[in-house]
Every structure is written in structure tokens, then in C-alpha cells.
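Q: only geometry, no sequence info:
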């Protein structure tokens, strides 16, 4: 594609107060009118919160732990990113239309932008939240390698933007808080990345209960193994290595970078941390949500 340069590193565009990729904004009506099916399972996260990990776990559950079946295609084809529309490269809405039920659907949209058909059809949803400091660091590295994002600038500049909600998909604070509130009224299983790291087996069992599925212990153990960071990092159908270098440059930073809790300590200065914590307390003071920033 000759006009690749025209696609990448463009400024984000405001959609109802939320900064999104320009190409999503241009095709917003297509996203907004997306027709969910009653047996769709929505996987919702703020970016860099374990999206690919939970997607792989769920695809393994849907395929009864058959790892070979889960290598049938790249994760972004098995679990389409609904709102991602990039001219000539990707259209999540179209991908999903052509998929057989039951579908796994990925989104990073905040609650207020989610197509209304998901609420109307009372779809089951799984939300994964990760502590803000690790998300900020992971997102900074992702911005560098994934070229649909604008240039990230320095870490200091990026952190300020993150705190102000001027990054793709908007404010982390609003995102996690609003999905947390929404779980009171809809079938939403709200999970934490840190719990997944600490006890992945327990989380898989929670998922099975939520999905009303029974599985023998050895299948659960298989899912546990195939969804581990080290195995997924080596798996081309899970690690995004099949995406072109024009879109994602793994030599800048691998898509699956560290997958740990507490990496923020290697990035934040003392002053940045103090400023961040003060801002965080103010923004999260009215919420019952609590996060662990290391385990």
C-alpha cells in the first residue's frame, strides 16, 4: 500500500469526548450501529491491561483446551477488535459480521461509547483492569511500536498525557470506574490483571463458572500452560508477530514485552511517582475500586 505513511502517526480524533484513532472516528457510525448477538461474549479492557492474554484464555476455553485449534489463526482474527477500522488493513465490524456464533468480541471502548446492542441483548461481558502505573508504562512502549498511535514523545510527556486522558481510548480512570459501576446492572465479570498473575488457575475457574461451563482438571491445566506468558510469547498466533513491520515494529519494543506487575518502578522517577499518586488519589477518591500496583 503506497499511502501507508498517510495512515500512521496521525493525531487522535475526539469522539464524544474520547480520543480515538482518526480512522475509527471517520467510520464511527459503522461502530455505533454494530449488531451484537445474544450469545456474543464481550472482552473489554483499557489498552495494555491483559487483553490478548484473556482473549487467548477464552479462545482456549471455547475450544476445550485444544491448543492446535487455537493456532488456526492470529489472535486478532480469532477475537476481532470490533471498533478497529483502518482503511485497507482492518475492519473489526466486517470481520465480526462474517463470523459464526458464538463470537468472542474485543473492545477498548469506554462504557458510554459501547454500541447499545450489547446492553439491549444483555450480552455477557468480561472486563479486565490493571493498575494505572503499569498500564501507563506498557502503553508508552506500545505507542512506540504500534504506529497507529501518534508519536509518544518522551516518557515524561506521555505520562502527562496519560494522566490527562489524552491518549487512545481516553482516561484510564474513567474507563475502569465506569465499567466497575456498570457491573451492578449487567452480566459483567470484572477481573484484575494482578489476580491473573498471582493465581491464573483461580481466574480460569471464575471464568468457567461465569460461562456456566464444566471442565476436567487436566483441561484447565492445559489452558493454564498454553496461556502462560512464556508460551504465548513464542506462539505466532498469539504474539502479534504476524503483523507487518509497517504497523507494529517489534524491534522497537516487542508486543509481548514483560507481562509482569510492578514494572513501573523501573520507569517512574521519584518526582513523577509523587505527582502521579497525588493525582490518582484525587481521581479515584469516590470509587470503591482498589488496585495493587505490585504483587
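A: That came in fine, so what should we check first? In this text, all values refer to a predicted model and were calculated from it rather than measured experimentally.

Q: give me the number of residues near residue 253?
A: Using other C-beta atoms under 10 Å, residue 253 is surrounded by 17 other residues. Quick note: C-beta positions are derived from backbone N, CA and C, even for glycine.

Q: look up how far residue 240 lies from it.
A: Distance, residue 253 to residue 240, by C-beta to C-beta, to the nearest Å: 12 Å.

Q: give me the most central residue, this structure.
A: Nearest to the mean C-alpha position of the chain, by C-alpha atoms, centre = their mean, lies residue 51 at 3.6 Å.

Q: where does the chain dip in pLDDT?
A: 1-5 (pLDDT under 70).

Q: which residues in the stretch 151-295 of the chain form helices?
A: Remark: helices assigned in the stretch 151-295 of the chain by DSSP state H, counting those that start in this stretch are 155-164, 172-182, 193-198, 200-210, 217-226, 229-233, 270-284.

Q: quick one: buried residues of the shortest one?
A: For helix 229-233, the buried set under the neighbour-count rule, 16 or more other C-beta atoms under 10 Å, comprises 232-233.

Q: strands of the stretch 51-200 of the chain, start to end?
A: 85-86, 90-91, 104-107, 124-129, 188-192 (DSSP state E, counting those that start in this stretch).

Q: quick check, distance from the third one to the centre of its chain.
A: Just to be clear, that refers to strand 104-107. Per C-alpha atoms, centre = their mean, to the nearest Å, the displacement of strand 104-107 from the mean C-alpha position of its chain is 9 Å.

Q: which residues touch it?
A: Residues outside strand 104-107 that contact it (C-beta atoms under 8 Å, 6 or more residues apart in numbering): 36, 40-44, 51, 55, 58-59, 62, 78-83, 92, 96, 114.

Q: can you rerun that using 10 Å?
A: 31, 34, 36-37, 40-45, 51-52, 54-55, 58-59, 61-62, 75-76, 78-84, 92, 95-96, 99, 113-115, 118, 123, 125-127, 169 (C-beta atoms under 10 Å, 6 or more residues apart in numbering).

Q: for the second one, same thing?
A: Contacts of strand 90-91 with the rest of the structure, by C-beta under 10 Å, 6+ apart, involve 23, 27, 30, 76, 80-85, 97, 148, 243, 247.

Q: can you do 7 Å?
A: Applying C-beta atoms under 7 Å, 6 or more residues apart in numbering, the external contacts of strand 90-91 come out as 84-85.

Q: and that strand, which strands flank it?
A: Sheet partners assigned to strand 90-91 using DSSP bridges are listed as strand 85-86 (antiparallel).

Q: am I right that residue 46 is in contact with residue 173?
A: No - assessed by C-beta atoms under 7 Å, residue 46 is found out of contact with residue 173, at 9.6 Å.

Q: and those two? Which one has more around it.
A: When residue 46 and residue 173 are compared on other C-beta under 10 Å, the one with more neighbours turns out to be residue 46, at 28 against 19.
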